[in-house]
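Student: Please work out how this folds:
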Amino acid sequence: MKKLTKKELAEYKEKLVVQREKISGEVGRLTKDYLRKNSMDSSGDISSRPFHMADAASGAFDTEFNIGLASNEQDLLYEIDQALLRIEEGSYGMCEKCGAPISKNRLKAVLFAKYCIKHQESQEKEKS
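Tutor: Numbers count the residues shown, from 1 in each chain. Below is the predicted model of the structure:
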């Protein structure tokens, strides 16, 4: 494998920017929905809404689920930003462990990959 060309780097950068915009929109939507629901719940006016414990549990689950989604999306945004930084620094597409080029198939599957397959697998084994 060889290093990525300037044209390939520009294509990956464009894909990363598009993915970042999409995820940013999702985070914004989740945050807006959470804040809207939270402000309705904290307004104190619950007289017009029927209360049932199952509704409260469902609402709590939805809130926790959306917070988890937003957190995961924030993690993805961080990884994308790091990949964009690696493009600017000239290290995008190179494994951070061994310095070898990351396969184009891997980069197509995971635009922000920072390890080759071999080292990604070792990273995952260390985490588990």
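
Student: in stretch 86-106, what counts as buried?
Tutor: For stretch 86-106, the neighbour count (16 or more other C-beta atoms under 10 Å) marks 86-87, 92-95, 101-102, 106 as buried. Quick note: C-beta positions are derived from backbone N, CA and C, even for glycine.

Student: Next, format those residues as a markdown table and append secondary structure, distance to Ser71 and pLDDT.
Tutor: Output for these, formatted as a markdown table (DSSP: H, G, I helix; E, B strand; the rest coil; distance: C-beta to C-beta, whole Å; pLDDT from 0 to 100):
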| residue | secondary structure | distance to Ser71 | pLDDT |
| --- | --- | --- | --- |
| Arg86 | helix | 23 | 97 |
| Ile87 | helix | 25 | 97 |
| Tyr92 | coil | 25 | 97 |
| Gly93 | coil | 28 | 96 |
| Met94 | strand | 29 | 96 |
| Cys95 | coil | 27 | 96 |
| Pro101 | strand | 32 | 95 |
| Ile102 | coil | 26 | 96 |
| Arg106 | helix | 25 | 95 |
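
Student: Just give me the closest of those residues to Ala70.
Tutor: The shortest gap between Ala70 and any of the buried residues of stretch 86-106 belongs to Arg86, at 24.8 Å (C-beta to C-beta).

Student: Show the contacting residues for that closest one.
Tutor: Counting by C-beta atoms under 8 Å, 6 or more residues apart in numbering, Arg86 makes contact with 92-93, 114.

Student: ok, now with 6 Å
Tutor: Tyr92 (C-beta atoms under 6 Å, 6 or more residues apart in numbering).

Student: Kind regards, and thank you for your time.
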